[in-house]
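Undergrad: below are the sequence and a predicted model; questions follow.
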Amino acid sequence: MRLNIQKLLCEEGVLPFSCQVDPTGLDFPSISRYLSPISVVGQVKSQAEVLTLTGQATAKLSCICDRCGREYVRDAVFPLDAVLAAELEDEENPDVFLLQDDCVDLDEVATTAFVLGLDSKLLCKPDCKGACPTCGHNLNDGPCSCKQETDSRLAVLGQLLDEE
Ligand SMILES: [Zn+2]
Ligand SMILES: [Zn+2]
């Protein structure tokens, strides 16, 4: 959605907004499906001739765990914190968004926050145990029946038991 902020260009004030952004086209290997559009709420504030946009973007995602490969649902929340400018003075700054016809492109702001905010590693839980490299069993469900790399002392004990 394009939000017209012309009023804020002439006088100080606050303009709240909320919209939904279609995430189609935002492809991440770890995201299998979007279960909701990206909901965006926030405000644009004009103060001392600086326009700032703050708020948050939320989305319900179906993700693939990077460690165990299991699909899980995640509510992702991304903070929005941007500066809006009529002219681009510093092209290197990713937090500055250019106005077009006195409008800010909320889709662009939201998708940028989304891309920057998504963790590089998406785990189903912080202490995910992963999957067995041999049989693929999800070790979060308990140990599998594969022979694990055994401790050398246990291996010696095993040999003693075998000899008896
Ligand atoms: Zn996992
Ligand atoms: Zn196994």
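TA: All right, it came through fine. Numbering: from 1, shown residues only. Ligands and ions are numbered 1, 2, ... in the order given.
Undergrad: so where's the chain uncertain?
TA: For the chain, applying pLDDT under 70 flags the ranges 88-91, 94, 120, 148-164.
Undergrad: if you set the cut-off to 90 instead, what comes out?
TA: 10, 24-30, 49, 86-96, 98, 113-122, 146-164 (pLDDT under 90).
Undergrad: okay, now the domains of it?
TA: Annotated domains of the chain cover 2-128, 129-164 [automatic domain parsing].
Undergrad: so of the ones you listed, which one's packed in deepest?
TA: Using mean count of other C-beta atoms under 10 Å, the stretch among the domains of the chain with the greatest mean number of neighbours is domain 2-128 (a mean of 15). From N, CA and C alone the C-beta is placed, and that goes for glycine too.
Undergrad: list phi and psi for Ala110.
TA: When quoted as degrees, to the nearest 10, the phi and psi of Ala110 stand at phi -70, psi -40.
Undergrad: turn the domains of the chain into JSON lines, including distance to ligand 1.
TA: JSON lines is the format used below for the domains of the chain (distance: least, C-beta to the ion, whole Å):
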{"stretch": "domain 2-128", "distance to ligand 1": "3"}
{"stretch": "domain 129-164", "distance to ligand 1": "6"}
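Undergrad: ligand 2 is nearest to which of those?
TA: Ligand 2 sits nearest to domain 129-164 of all the domains of the chain, at 3.1 Å, using C-beta to the ion.
Undergrad: would you list every one of the helices in this structure?
TA: Taking DSSP state H as the test, the helices found in the chain are 6-10, 106-117, 152-163.
Undergrad: give the contact list for the closest residue to Cys132 other than its chain neighbours.
TA: Once flanking residues are discounted, Cys132 sits nearest to Cys144: 4.7 Å by C-beta to C-beta, 6 or more residues apart in numbering. Residues near Cys144 by C-beta atoms under 8 Å, 6 or more residues apart in numbering: 132, 134-135, 137.
Undergrad: in the residues you listed, find the pair that's most separated.
TA: Within these, two members stand farthest from each other by C-beta to C-beta: Thr134 and His137, at 8.4 Å.
Undergrad: now do the shared contacts for those two.
TA: 144, 146.
Undergrad: which residues does stretch 74-90 contact?
TA: The contact list for stretch 74-90, computed with C-beta under 8 Å, 6+ apart, reads 5, 9, 40, 42, 44, 50-63, 93, 95-99, 104, 109-110, 112-114, 116-118, 122.
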